[in-house]
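In: Got a sequence here, can you model it:
(chains A and B)
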Amino acid sequence: MAMNDKRGYRSGLVDLRAGEVSREIFVNEHIYAEEQERIFARAWLHVGHESQIPRPGDYFVSSMGEESVILCRDRTDKIHVFLNSCRHRGMKVCRYDQGSTPVFTCPYHGWSYGTDGRLVGVPYFREAYHSRLDKEKWGLVEVAQMHNYKGSIWATWDAAAPGFTEYLGDFTRYLDLQLDGWDGREGQAEVLGGIQKWLVPCNWKFPAENFSGDTYHNISHRSVDLAGIGPSGAGRRDMGERDVSRKLHVCIPDRGHQTIHYVLPAGQLPPPAYQNAPIVAEYFRHCEEEKRRRRGEEARLVGAPGEIFPNTALLSRQPRTMAVWHPRSAHQTECWRWFFVDREAPTEVKHFLRDYYIRYSGPAGMTEQDDMENWNYAHAASRGTIARRYPYNYDQGSGTAVTDYEYQGLRVPGEVIDLTETQSSEQPMRNFYRRWAEFMEADDWSRLATWRGSERKAAE
Amino acid sequence: MAEREARIDRLLLSQEIADFLYREAELLDERRYREWLDLLADDVRYWMPIRRNVKLGDDEGEFTRAQSDINWFDEGKDTLSRRVKQIETGIHWAEEPRSRLSHLVTNVQVQGAEPSFAAPQEVSVTSRFLIYRNRVETETDILVGRREDQLRRNGAGWLLARRKIILDQNVLLSKNLTFFI
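Out: Now for the predicted structure:
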């Protein structure tokens, strides 16, 4: 076995032909530092949701990669994302998690900024600066691009990055499932109060690949299945809709987004769920019918865990959450989780779901606890000199994806593997790491927007 | 004399309640979870809000709300019992091998008793906790904070009817909360 050297990224660490990925990409601190520049400074990242800042002056402090950012709504109702660092000497200008303010005043020397980011106050401006400081030039650093997609706020530091919807590509529909109403109306999601934030001692790519669509980790969750926390009192979820559906892996090549997905048979609505709670059961039964009426065949698509490259996880069914895996070091990740309900759902439905979300997700969640134990110790056991010489295996289901998948009249775009019989594949992880390697190798977006040539050709 | 008796009632009750809390902590640390569940009222509420950094004066915004926001914990006996059941499966990897825990309970103060200190049926008590968790080889967590408990008379003993847990952390520094506080 060849010795690994200790430098940073080089070609070959992700070897999809062999179905292998080197452990170096998880534990090597040089590679981690390169990721901050090549991935987190260039990709679109999830920042928050507009329902967290409903009024002018409202703000929510979020994170993009390692860095603190302020999501805020200015006096004219325009939404901004700023680097949370004073231009004068770098102090955080906002150290609250959320709130409402007319200005952000730096506690160090007192420079203050409007909610539109403009530098509006400089102590001794006339005396010490002789009124010569160009305030227009010294406003808060704003992201290069921001996009409000059905209420969810996304941003990138790279002005050359493609627009957000182009970045999503054919993955749009899976984010729609997260943000649209259960009844198929557009953008009906609301974030519940309380964002869970917690530290896990592992590289950020462990949760990212897990949420990309790990269909293989049943043993991780056997204990919660036995304890029975599902909405109808058994297992960890109501399985009716999954049991009658085709189970798929859907990957968007070129983009690095991927998800588990279920497709109901033509003409079939999801079987009844939430059987111990009649009001909740009735709400969802009604919503499913409405969605079928509004969306037709598209309503047969049923969401499941997925990942938008690089570090945003979706879960558009229950428990309906989004998570961001913030890198904190090669060996530590800060997880943030947002919980969603339909804005207009009855209070009783919101409460019922909230109870389920809390017992399922996050550090006290009876399902997620066991995931984090595995990520923690998988990472720790991969750091050794000998361990690093042996790559992980990602060969499951190699070469079995199709690009023309259709089930009973419904076409599903992307690279698709039908798992209904085979149970599992690692196509989503291969898709994720293929994209990861492209980001590590390509010097600019002209080489990263690999789809532009082929999509132009297809259009011609 | 009456005043002295009232003070003795208070003292006896304080001692009795502190004993209850120490015994409860001992059951948890000795992993006698079924006996611990027996100390919980059937309608118990076990709540641990998330704490936010907020501006002076925004006391309301500092804590997520019970039974409407997302919290670390906000549940009743059914879910608590399922947590015990999960540990008992022996394949709950986050507690397998099991953690070593010590609950240090201190600053116990009985805040009120209904209808009276002499014949209490409901007692509110506050305390501080320091929980030391060590597991596998070197993994260590220390959690410190305050508990606000409501206890209810049950024959000769007491039941925990409500617990609010105020942890002195914002970002949770532990990867999980697989234990009771």
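In: Tell me the buried residues in stretch A:338-351?
Out: By 16 or more other CB atoms under 10 Å in any protein chain shown, the buried positions in stretch A:338-351 come out as A:338-342, A:345, A:349-351. C-beta coordinates here come from the backbone N, C-alpha and C atoms, glycine included.
In: swap in stretch A:389-400?
Out: Buried, per 16+ other CB under 10 Å, within stretch A:389-400: A:391-392, A:394, A:396-397.
In: Of these, which are in range of chain B?
Out: For chain B, no contacts are drawn from the buried residues of stretch A:389-400 by CB under 8 Å from any CB of the partner chain.
In: give me the number of residues near residue A:410?
Out: Residues within reach of residue A:410, counting by other CB atoms under 10 Å in any protein chain shown, total 18.
In: where does it sit relative to residue A:174, distance-wise?
Out: Going from residue A:410 to residue A:174 by CB to CB, to the nearest Å gives 15 Å.
In: With residue B:14 instead?
Out: Distance from residue B:14 to residue A:174, by CB to CB: 58 Å.
In: quick one: which of the two has more around it?
Out: residue A:174 (24 against 17).
In: The more buried one against residue A:304, yeah?
Out: No. Applying CB atoms under 8 Å, one finds residue A:174 not in contact with residue A:304, separated by 9.2 Å.
In: Now the common contact residues for those two.
Out: A:259, A:261, A:316 (CB atoms under 8 Å, 6 or more residues apart in numbering or on different chains).
In: Around chain A, which positions in chain B sit nearby?
Out: B:48-50, B:52-55, B:58, B:61, B:64-65, B:67-75, B:79, B:82-83, B:85-86, B:89, B:91-94, B:136, B:170-178.
In: Mind checking which of those residues land in helices?
Out: Among the residues of chain B next to chain A, the members found in helices (DSSP state H) are B:79, B:82-83, B:85-86.
In: Quick check: which element contains the closest residue to residue A:320 other than its chain neighbours?
Out: With sequence-adjacent residues excluded and distances taken as CB to CB, 6 or more residues apart in numbering or on different chains, residue A:320 is closest to residue A:340, at 4.5 Å. For residue A:340, the host element (DSSP states H and E) is strand A:332-342.
In: Mind checking what helix or strand follows that strand in sequence?
Out: With elements assigned by DSSP H and E, the helix or strand that comes after strand A:332-342 is helix A:347-360.
In: which stretches of the stretch 1-150 of chain A have low pLDDT?
Out: For the stretch 1-150 of chain A, applying pLDDT under 70 flags the ranges A:1-6.
In: Looking at it, what residue ends up closest to chain B?
Out: residue A:97 (4.3 Å; CB to the nearest CB).
In: Let me see the contact set for that residue.
Out: Per CB under 8 Å, 6+ apart, neighbours of residue A:97: A:60-61, B:52-54, B:170.
In: now swap in residue A:379 and tell me
Out: A:26-27, A:201-203, A:206, A:331.
In: Quick check: helices, which of the residues you listed are part of them?
Out: A:26-27, A:206.
In: Pull out the buried positions in the top helix by length along chain B.
Out: Using DSSP H, we find that the single longest helix of chain B is helix B:2-29. Across helix B:2-29, burial judged by 16+ other CB under 10 Å covers B:9, B:13-14, B:17-18, B:20-21, B:24-25, B:27-29.
In: can you give me how far it is from the chain middle?
Out: 16 Å (CA atoms, centre = their mean, to the nearest Å).
In: elements contacting that helix?
Out: helix B:33-38, strand B:100-114, strand B:122-135, strand B:139-154, strand B:157-167 (3 or more CB pairs under 8 Å, 6 or more residues apart in numbering or on different chains; DSSP states H and E).
In: any chance of the ones you listed in CSV, plus mean pLDDT?
Out: As requested, the helices and strands packed on helix B:2-29 are exported to CSV (pLDDT from 0 to 100):
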stretch, mean pLDDT
helix B:33-38, 98
strand B:100-114, 98
strand B:122-135, 98
strand B:139-154, 98
strand B:157-167, 98
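In: would JSON lines of those with distance to residue A:363 and mean neighbour count be doable?
Out: Below are these laid out as JSON lines (distance: least, CB to CB, whole Å; neighbours: other CB atoms under 10 Å in any protein chain shown):
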{"stretch": "helix B:33-38", "distance to residue A:363": "19", "mean neighbour count": "15"}
{"stretch": "strand B:100-114", "distance to residue A:363": "16", "mean neighbour count": "15"}
{"stretch": "strand B:122-135", "distance to residue A:363": "13", "mean neighbour count": "18"}
{"stretch": "strand B:139-154", "distance to residue A:363": "11", "mean neighbour count": "17"}
{"stretch": "strand B:157-167", "distance to residue A:363": "11", "mean neighbour count": "19"}
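In: Turn these into CSV, including distance to residue A:386.
Out: Below are those laid out as CSV (distance: least, CB to CB, whole Å):
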stretch, distance to residue A:386
helix B:33-38, 40
strand B:100-114, 29
strand B:122-135, 25
strand B:139-154, 22
strand B:157-167, 39
